[in-house]
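Participant: One predicted model, sequence on top.
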Amino acid sequence: MLCFRAALVLLAVSFLAQTLRAEDASKPLGEPVLEPSTLNCLGVYWVVGGDANKNARIEIEYRKAGSEEWKPGYLLFRVEQSAQDPSKHEDGKGSKASVQVPDGAWLFAGSVVNLTPGTDYELHLKLIDADGGAAEKTLTTRTAVEPITPKDMHVRHVAPGSGGGSGSEQDPYKGLAAANAVAKPGDLFIVHAGTYDAFETDKSGELGHPIIWRGEGAAVIDAKGKAPKAIAAGGIHDVWFEKLELCNAAYGIVTHDSERIVLRRCHIHGVEYGLAATRNTKGNMNGYFVTDNVIEGPSVWPRSKGIENARGIQVTGSGHVVAYNRIHGFGDALDTFPSVKCAAIDFHNNDISLCTDDGIEMDYSERNTRCFNNRFVNIFQGVSVQPVFGGPVYIFRNVLCNLGMEPFKMHNSPSGVLVMHNTVIKNGMPLVLYPGKKVRNSVYRNNLFLGTEANYAYECTGEMAGCDFDYDGFGGGPFKKVMKWSNTPYVTVDDLKAKSGVYKHIVMLDTPNIFASGFLPPADVAKEVDPSKLDLRLKPGTMAIDAGEALANFSDGFSGKAPDLGAYELGADAPFYGPRPEK
């Protein structure tokens, strides 16, 4: 009898072990999926079942098509299961997740960055799990290219007026409404100098045959305060607006529910909102190029009115590029917005100043939104992620100077935020976070934070759950205590390293004088810093040099034994911020 019972126990143990191993083994649920490409980035995601013990990983490597050399990318990010569905978030905003993940399965997502526009690439994904279920896939795709005017456009002419005209240079259409009445795919409207009334268009181009509205000289669309929108262009596709001046309306331009819109080299001012593209009813908003614009709002520095409604650019959807713009004088300069899909959007090389709320909001992002190579100066708070629905959201290689409060506003329980290689300069504590609600599953690496005399180098009063912060550098001060992490104070670096579970490789800089320009943290936040005179490239010999961790793809090309902290590698040129010179 004892032998029989022992055999039953062994059989039960064996069955349980096999069951556990089956649950621990990974199983791809379908093929990996490419996100819409942008100029410099490619995003991908893959749904994987099993892996109950969470020890699987997905490696990614990439190469230009035809090249023999594969380059390692940053591991795909394991999205927190409870975070990826916007409809379940406690704030009640956001639609159902655009990628449905079965119960018990995992979403892995990630981006390859710093790529060449208009180039074919191969991405090789390798699912690795010691418990079984290994798989490999190779995907072929292409980065986007900036829109180029097709050669076969039908050129028509528009002049100020009201009705009539044939569209020739000698007999232009009188007014934008007259031109719009006959607009069709492939039309290039030269909008001649002069003042035009507020304009509404419902005409669409075609893929490869857009409708283009291009100003020549001072072509001004002036709503004169009589219309809410200088340009209303909702529910259309393949329409470009170039070199126009939009003014004196609540909204400069509104393009809800639209696809493949270009807004380029326009000047928008005298508005509460610059570009609003936030209604994505069918989930098909994609492919915007918003570049080289100057957008000016009503806000002034220092902040005196609290949170202002004024917004420079608001977008949702996917596959958008918002780059090389100069945005000044708003509550927020750039925002993502909740909708049926908010993924694969890039904000980069923008010159952002004087924002009385947030420089950029990545709020309500699902995954693979990216904020990089931007300059923020005289901003109340830097980059907001309240919330992020699992991510990853990438914030890297940005410069933030003269901030009123939090460099990275991680409120409303975000999950999946990666903050890497940023330079932050502010008065007082150089890094602060007052989240209120739990911050989850987020990573900081290789950032540089400089401040002035304060209680802490970093004060974090909220609960940090599953977060991995390390290899950041802090300087300035003096600081009475090194850090408050997850609402627990740590007096010394040794105390922090031994007890906090984070910052095992923290770098405490012995001086704030680390920039070749001699720039120091501002003594008075109310005094504006001139962005054009700001140079935060490192000085040789400082402790920030070679102090970071090598991050595949994100710190490639570093010189020395390790990457430098902050946005700029020693000896590298600073990025170009704001509108580029015309060629």
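Facilitator: That came through fine.

Participant: CA only for contacts and neighbour counts going forward, please
Facilitator: Fine.

Participant: does Ala135 really touch Lys126, like I thought?
Facilitator: Yes. With contact defined as Cα atoms under 8 Å, Ala135 counts as touching Lys126 (5.9 Å).

Participant: neighbour-wise, which of these two wins?
Facilitator: Lys126 (18 against 14; other Cα atoms under 10 Å).

Participant: Against Ser555, how distant is the more buried one?
Facilitator: 22 Å (Cα to Cα, to the nearest Å).

Participant: Then Asn487?
Facilitator: Applying Cα to Cα to Asn487 and Ser555 gives a distance of 31 Å.

Participant: More neighbours: which of those two?
Facilitator: With neighbours defined as other Cα under 10 Å, Asn487 and Ser555 compare such that Ser555 has more, 21 against 14.

Participant: which stretches of the stretch 351-500 of the chain form helices?
Facilitator: For the stretch 351-500 of the chain, applying DSSP state H, counting those that start in this stretch gives helices covering 493-499.

Participant: Not counting its neighbours along the chain, what's nearest Lys481?
Facilitator: For Lys481, ignoring the flanking residues on the chain, the nearest one in space by Cα to Cα, 6 or more residues apart in numbering is Val491 at 4.4 Å.

Participant: Next: Trp485.
Facilitator: Sequence neighbours aside, Cys460 is the residue nearest to Trp485 in space, at 5.1 Å (criterion: Cα to Cα, 6+ apart).

Participant: residues in contact with that neighbour?
Facilitator: Under the criterion of Cα atoms under 8 Å, 6 or more residues apart in numbering, the contact partners of Cys460 comprise 432-435, 483-487.

Participant: and the gap between it and Lys481?
Facilitator: Between Cys460 and Lys481 the computed distance is 13 Å (Cα to Cα).

Participant: swap in Ser258?
Facilitator: Distance, Ser258 to Lys481, using Cα to Cα: 51 Å.

Participant: Just the strands from the stretch 451-583 of the chain, written as ranges.
Facilitator: Counting by DSSP state E, counting those that start in this stretch, the stretch 451-583 of the chain has strands at residues 454-460, 464-465, 468-470, 473-475, 479-485, 488-490, 507-508.

Participant: The stretch 101-250 of the chain too?
Facilitator: The residue ranges that make up the strands of the stretch 101-250 of the chain, judged by DSSP E, counting those that start in this stretch, are 106-112, 120-128, 135-142, 154-159, 173-174, 187-196, 199-200, 211-222, 229-232, 237-242, 245-254.

Participant: of all those, which lies closest to Arg375?
Facilitator: Taking Cα to Cα as the measure, the strands of the stretch 101-250 of the chain were each checked against Arg375, and strand 106-112 came out nearest at 21.8 Å.

Participant: And the closest one, what does it pack against?
Facilitator: strand 42-50, strand 77-78, strand 389-396 (3 or more Cα pairs under 8 Å, 6 or more residues apart in numbering; DSSP states H and E).

Participant: List the buried residues in the longest one.
Facilitator: What that stands for is strand 42-50. For strand 42-50, burial by neighbour count (16 or more other Cα atoms under 10 Å) applies to 42-50.

Participant: How far does whichever helix or strand comes after it sit from its chain's centre?
Facilitator: On the C-terminal side of strand 42-50, the nearest following helix or strand under DSSP states H and E is strand 57-64. If you compare the mean C-alpha spot of strand 57-64 with that of the full chain, they lie 21 Å apart, counting by Cα atoms, centre = their mean, to the nearest Å.

Participant: Give me the sheet partners of strand 57-64 and which way each runs.
Facilitator: For strand 57-64, the pairing partners within the sheet under DSSP bridges are strand 71-72 (antiparallel), strand 120-128 (antiparallel).

Participant: which stretch among those strands comes nearest Pro302?
Facilitator: Closest approach to Pro302 among the strands paired with strand 57-64 (Cα to Cα): strand 71-72, 44.2 Å.

Participant: From Ser486, how far out is the residue nearest to Trp485?
Facilitator: If you measure Cys460 against Ser486 using Cα to Cα, the figure is 6 Å.

Participant: Could you do Val220 as well?
Facilitator: Plainly put, Val220 is 52 Å away from Ser486 if you go by Cα to Cα.

Participant: In contact with Asn373, which residues are there?
Facilitator: With contacts defined as Cα under 8 Å, 6+ apart, the neighbours of Asn373 are 348-350, 396-399, 567, 575, 577.

Participant: hang on, I meant Gly476
Facilitator: Applying Cα under 8 Å, 6+ apart, the residues near Gly476 are 450-453, 509-512, 521.

Participant: Got the confidence number for it?
Facilitator: pLDDT, the model's per-residue confidence, is 94 for Gly476.

Participant: related to what we said a few turns ago, burial measure for the residue nearest to Lys481, as a count.
Facilitator: For Val491, the neighbour count with other Cα under 10 Å is 14.

Participant: do Asn286 as well
Facilitator: What Asn286 shows, counting by other Cα under 10 Å, is a neighbour count of 26.

Participant: Surely it is in contact with Glu259?
Facilitator: Yes. Using Cα under 8 Å, Asn286 is in contact with Glu259, at 5.2 Å.

Participant: Of Val220 and Ser486, give the one with the bigger neighbour count.
Facilitator: When neighbours are counted by other Cα under 10 Å, Val220 and Ser486 differ, and Val220 comes out ahead with 26 against 18.

Participant: Quickly list what that one is bridged to.
Facilitator: Listed by DSSP bridges, the beta-bridge partners for Val220 are Thr195, Glu245.

Participant: hang on, isn't it packed against Leu244?
Facilitator: Yes. Under the criterion of Cα under 8 Å, Val220 makes contact with Leu244 at 6.2 Å.
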